[in-house]
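Q: let's see this in three dimensions:
(one chain, ligands or ions: 1)
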Amino acid sequence: MKFFVDTADVKEIREINDYGLLDGVTTNPSLILKSGRDIKEVTKEICSIVAGPVSAEVTATEYSEMMKEAAVLAKIADNICIKLPLTLDGLKACRSLTSEGHKTNVTLCFSAGQALMAAKAGATFISPFIGRIDDTGADGMELISEIRTIYDNYDFKTEILAASIRTVNHIKQAALIGADVATVPPATLKALVKHPLTDKGLEQFLADWAKTGQKIG
Ligand code: G3P
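A: Reported below is the predicted structural model:
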């Protein structure tokens, strides 16, 4: 499973990239707002940190306007992936951009039927929003499972990018189902390494090691 980080905070991106754990980045208009920075400037900086795909989202809702915005975003760097909403205009733009050789990420996916449409439009990634489905009382993970089955049934190459991940359990469940990518907030990604028995065991080893009076090297 590939790990993307879901943020436009360059400090966080640098830190996780330095651990060697990062395969890409996803941003959206809300995350750009949170960064307090200009979209082109911050996206360019993110693209210079991370070698993998960096999703930058269009904000137009009509096809030709989306294409104009996509052209501006695509010029930022070679690793830009154009993020488009799951609407008919978004899917049309996805088809055009895919045909032009751009990477695309179709976002705001809340049903398996929508995911099927995105695959038909040639999306590089589909972004089902797990947490927001859970918020409604339904099971977001069930959607990941349905999309996995449909994509495997027809050998669609579109990658399932599990988004709106809120917990470490979301990451584990998405991996068990076979999502190709998880895009995760930095704190949740770092929390994945934590286990109380790891901390306790390390504490014990260090205490016993100190008692030996030895040093390595
Ligand atoms: O990138 C989109 C998605 O991950 C948003 O997550 O927590 O705002 O539902 P959230």
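Q: quick check: residue 52 vs residue 97, distance?
A: Distance of residue 52 to residue 97, given as C-beta to C-beta, to the nearest Å: 18 Å. Any C-beta I mention is one placed from the backbone N, CA and C, and that applies to glycine too.
Q: repeat that for residue 30.
A: Separation of residue 30 from residue 97 (C-beta to C-beta): 22 Å.
Q: what about these two, which has more around it?
A: For residue 30 and residue 97, the more surrounded residue by other C-beta atoms under 10 Å is residue 97, and the numbers stand at 25 against 10.
Q: helix/strand/coil for the more buried one?
A: Secondary structure assignment for residue 97 (DSSP: H, G, I helix; E, B strand; the rest coil): helix.
Q: you'd agree it is up against residue 104?
A: Yes: if you go by C-beta atoms under 8 Å, residue 97 and residue 104 touch, sitting 5.3 Å apart.
Q: which residues sit in contact with residue 35?
A: Contact analysis of residue 35 by C-beta atoms under 8 Å, 6 or more residues apart in numbering lists 8-10, 42.
Q: what does residue 21 give?
A: Contacts of residue 21 (C-beta under 8 Å, 6+ apart): 3, 189.
Q: from the ligand, how far off is it?
A: Residue 21 is 17 Å from the ligand, where distance means C-beta to the nearest ligand atom, to the nearest Å.
Q: residue 9 now?
A: For residue 9, the distance to the ligand equals 13 Å [C-beta to the nearest ligand atom].
Q: what number of residues lie near that residue?
A: 19.
Q: also residue 144?
A: By other C-beta under 10 Å, the residues close to residue 144 number 25.
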